[in-house]
Every structure is written in structure tokens, then in C-alpha cells.
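> build me a model from this:
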Amino acid sequence: MDMQLALFESTKEQLIERIRSHSFLKRCRSGEVSLDELKIFLVQQGLYSAYFTRYLCAMMANLPSNEEVLELAENLFEELGLAPNSPRPHHLIYREMLEHYSLSLDGAQPLAGTRRLIDSMFLHCRNLNPAAGLGALCLGAEGLVPVMYGEIIRGFEAQGAIRRDIEFFHIHVECDDGHADTIREIMLDIASSTPEQIDVMLSAGMSLVDARLDFFSSIEEAYQERAQAAMA
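Next up is the predicted model:
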């Protein structure tokens with residue numbers, strides 16, 4: 001199991017570096033990203049995140065035992081605002097953040113990269129083989145969030161945001177490592193009895209990162225198109 005843990009952790013670090021190398025996050029990290037581009041991100045990330053509880057429920061439905069479902073229920077309870085340490089639903093916190101920036105998801109359309117990210121996560125989480133959904137949620141999402149959102153926070157702070165303005169991102173930087181650890185433990189249990197599932201998990205994580213990179217690229221393209229239209 002130690003070798004499997006090391007493999008999962010090394011893969012996660014490689015995927016994190018792939019995410020961090022995208023020009024969108026690089027510009028967030030350096031403070032060069034504009035507020036208008038961050039606003040595009042907020043709406044598109046909101047469209048993707050609006051399905052998170054459904055991603056999780058779809059994957060949980062395919063887990064082999066109720067014990068594993070209960071282990072992941074804490075994550076679901078936090079999202080819904082039912083956990084003692086998370087008394088407010090996360091979607092409401094996100095909506096308040098959007099409202100602070102005069103944004104709304106009502107009538108918003110997903111960019112091509114956003115649509116791919118949503119479809120890819122659903123594809124893996126609905127797979128009857130739970131290894132696919134576990135790999136997608138852990139290696140392709142929860143395990144990346146603290147670093148990814150940390151970069152986003154730096155971009156907003158460079159534009160004058162304070163913690164209250166972007167509380168949603170701070171909450172997930174602080175809690176999603178624990179969520180990823182819970183999923184990883186289930187992955188390790190499955191891998192110990194059926195080692196061939198490791199490749200399924202790793203492949204799912206890589207697929208989600210590919211989709212996330214497309215998501216960032218779509219945001220950049222949409223911002224450049226709007227900027228050019230404004231100058232015309």
C-alpha cells in the first residue's frame with residue numbers, strides 16, 4: 001500500500017504542476033490577470049461547480065459498500081451546509097461572491113472548455129466502475145483545489161479583493177485537502193485488492209486535468225474576444 005500511496009501522491013504532484021503551468025494561473029500568481037478576466041472565471045467556475053453535489057452523488061452510487069458512502073457523506077454535508085463546521089451551503093456562499101462582483105449565473109452559457117469539464121466529470125462519476133469517479137474527483141479535482149484556488153486568490157488580491165469578498169475560495173483551500181484524503185483512502189483500499197484499478201484512477205485524473213486546462217484556455221479566449229470587440 002505504501003507504493004500505491006507514493007504513486008498516487010507523485011501523480012497528484014505532477015498534475016498540480018501541469019495546472020500551475022497554465023498561463024491563466026501564472027498570470028493570477030504574478031498579479032497580472034485583470035478583474036474582467038477573473039469575472040469570466042467566476043461565472044464559468046460557477047457553472048461547473050453548480051453540479052458538484054451531483055458529481056459526488058453519481059460517484060457515491062457506484063461505491064461497493066455503505067461504509068465508503070458514509071465516509072464521503074461528510075463532504076456532501078459540507079457542500080449542503082449540514083455539517084457542524086459548515087453551517088451555510090457552499091452554493092449560497094458562491095452566489096454571494098458573484099453578487100459582490102455584480103455577476104449572476106442566471107442565463108449564463110458555458111464556454112466550450114466549461115462544457116467539456118462538466119461532461120468529463122459526469123462521464124467519470126457515472127461510470128459503473130467507481131475507480132473512474134474516485135480518480136476524477138480526487139486526482140482531477142479535490143486534490144488540486146487548494147493549490148488552484150490559492151493561485152486564484154492571489155489574482156483577486158492583486159485586484160484589491162479582501163478575504164470576505166472571496167470567502168468561497170478560502171474555505172475550499174482550507175477544507176478540500178481533507179476531502180481528497182478521504183477519497184484517496186477509498187482508492188487505496190480498492191487498489192490493494194484490485195491493483196489493475198490503479199490505471200483507471202490515474203487515467204481519470206489525467207483526463208480531468210486535460211479538461212481543466214481547456215477550461216482555462218476558454219476563459220482566456222473569451223476575454224481576448226471581448227477585449228478585441230470593445231476596441232473595434
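> centre of the chain to stretch 4-21, how far?
15 Å (CA atoms, centre = their mean, to the nearest Å).
> do the same with stretch 2-10
Its chain's C-alpha centre and that of stretch 2-10 lie 21 Å apart, by CA atoms, centre = their mean.
> the residue most central in space within the chain in helix, strand or coil?
Taking CA atoms, centre = their mean, the centroid of the chain lies closest to residue 141, which sits 4.1 Å from it. Secondary structure for residue 141, judged by DSSP: H, G, I helix; E, B strand; the rest coil, is helix.
> same thing with residue 107?
Three-state call for residue 107 (three-state DSSP): coil.
> okay, now it: neighbour count?
Using other CB atoms under 10 Å, residue 107 is surrounded by 5 other residues. The way it works is simple: take the backbone N, C-alpha and C, and place the C-beta from them, glycine included.
> once you drop chain neighbours, what's closest to residue 5?
In this structure, residue 5 finds its nearest non-sequential neighbour in residue 188, 6.2 Å apart by CB to CB, 6 or more residues apart in numbering.
> and that neighbour, what pLDDT?
The per-residue pLDDT reported for residue 188 equals 90.
> from residue 4, how far out is it?
Applying CB to CB, to the nearest Å, the value for residue 188 to residue 4 is 6 Å.
> ok, now residue 135?
Noted for residue 135: a distance of 13 Å to residue 4, by CB to CB.
> between those two, point out the one with more neighbours.
residue 135 (31 against 17).
> residues in contact with that one?
124, 187, 200-205 (CB atoms under 8 Å, 6 or more residues apart in numbering).
> residue 138 contacts residue 188, doesn't it?
No - if you go by CB atoms under 8 Å, residue 138 and residue 188 don't touch, sitting 10.5 Å apart.
> may I see the buried residues of the lengthiest helix in the chain?
Secondary structure of the chain per DSSP state H: the longest helix is helix 197-231. Neighbour-count burial for helix 197-231, counted by 16 or more other CB atoms under 10 Å, picks out 197-198, 200-220, 222-223.
> one more: stretch 56-65?
So stretch 56-65, judged by 16+ other CB under 10 Å, has buried residues 56, 58-60, 62-63.
> not counting residues beside it along the chain, what's closest to residue 36?
Closest residue to residue 36 apart from its sequence neighbours, by CB to CB, 6+ apart: residue 223 at 6.6 Å.
> my bad, should have said residue 189
Closest residue to residue 189 apart from its sequence neighbours, by CB to CB, 6+ apart: residue 68 at 7.8 Å.
> residue contacts, the one you found?
Counted by CB under 8 Å, 6+ apart, residue 68 has contacts 60, 186, 189.
> mind putting those into TSV with distance to residue 25 and secondary structure?
What follows is those, written out as TSV (distance: CB to CB, whole Å; DSSP: H, G, I helix; E, B strand; the rest coil):
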residue	distance to residue 25	secondary structure
60	30	helix
186	28	helix
189	32	helix
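> helices of the protein, residue ranges please.
In the chain, the segments counted as helices under DSSP H are 2-20, 23-30, 35-49, 52-60, 66-80, 90-100, 112-125, 130-137, 145-158, 167-193, 197-231.
> and the first one, which residues are buried?
Of the residues in helix 2-20, those buried by neighbour count under the rule 16+ other CB under 10 Å are 4, 8, 11-12, 15-16, 19-20.
> ok, residues contacting stretch 91-100?
Here stretch 91-100 makes contact (CB under 8 Å, 6+ apart) with 42-43, 46, 49-50, 79, 81, 104-105, 165-168, 171.
> should've said stretch 106-115
Residues contacting stretch 106-115 (CB under 8 Å, 6+ apart): 43-44, 46-48, 118, 211, 214-219, 221-222.
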